[in-house]
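Chemist: predicted model and sequence follow; I will ask about them next.
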Amino acid sequence: MNREELKIKFEDIPPEGLSLEFADEKGDLIRDCYPISHPIQARVHLQRWGIDVKVTGEVKTEIVLSCDRCLKEFPFKVTERINVLLEPRAVLSRLKEEVRLTKDDLDVIFFDGVTVEVDEVVREEILLAVPMRKLCDEACKGLCPVCGQNLNEKSCGCKPALKDSPFAILKKLVVSSG
């Protein structure tokens, strides 16, 4: 995959649109964030809408995540539909006052008005597919906070550490009824 081929000039998009398919075998698109276990496959269609570009398509891959509870690596399948509108940044500079965003505004990405970076659109869709809390399993027990044993593999003999509540001092207060 040559990333320069995925930088499409706005003027090169024909009136009927432009369809692209590409594969990223090594995961270069997201190398700085996550390793992949399956190549990134993307299919996109670019359509000019006045000065905007509508990007639709699909991206598929499998990335390797680290569980937030037990730190074990696990595969995570990504299959995302792409449906975004690219607007030139010049439109943004014309907005001088505060504007309330609608749900449709959340699917807008700004570009320089000259070059559509298809690889960046696909990268963003993959990164947005990653959950906030990455769990190998919803029932993951995590690590023992005392000895570090992975509690999914075996239990340890550690007793849970009791934490002093910041409100424990309130138990010592005497309430007078008078």
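Modeler: Ah, there it is. Numbers count the residues shown, from 1 in each chain.
Chemist: which residues are contacting the longest helix along the chain?
Modeler: Longest helix of the chain, by residue count under DSSP state H: helix 118-129. Contacts with helix 118-129, where a contact means C-beta atoms under 8 Å, 6 or more residues apart in numbering, come from 3, 6-8, 20, 29-30, 33, 40, 42, 44, 46, 55, 59, 61, 63, 78, 80, 82, 84, 86, 109. Yep, even glycine has a C-beta here, placed from its N, CA and C like the rest.
Chemist: so what's the residue count around E16?
Modeler: 8 (other C-beta atoms under 10 Å).
Chemist: is it within a helix or a strand, and which one?
Modeler: Using DSSP states H and E, no element contains E16; it sits outside every helix and strand.
Chemist: could you point out which element follows the helix or strand of the chain at the bottom of the mean pLDDT ranking?
Modeler: Lowest by mean pLDDT, DSSP states H and E among the helices and strands of the chain is helix 89-94, with a mean of 63. Helices and strands here follow DSSP H and E; after helix 89-94, the next one along the chain is strand 108-111.
Chemist: tell me which residues of that following strand are tucked away?
Modeler: Neighbour counts over strand 108-111 (16 or more other C-beta atoms under 10 Å) mark F111 as buried.
Chemist: please work out the average pLDDT along that strand.
Modeler: In this model, strand 108-111 has a mean pLDDT of 77.
Chemist: name every strand pairing with that strand and say which way it goes.
Modeler: Paired strands of strand 108-111, with direction, are strand 73-88 (parallel) (DSSP bridges).
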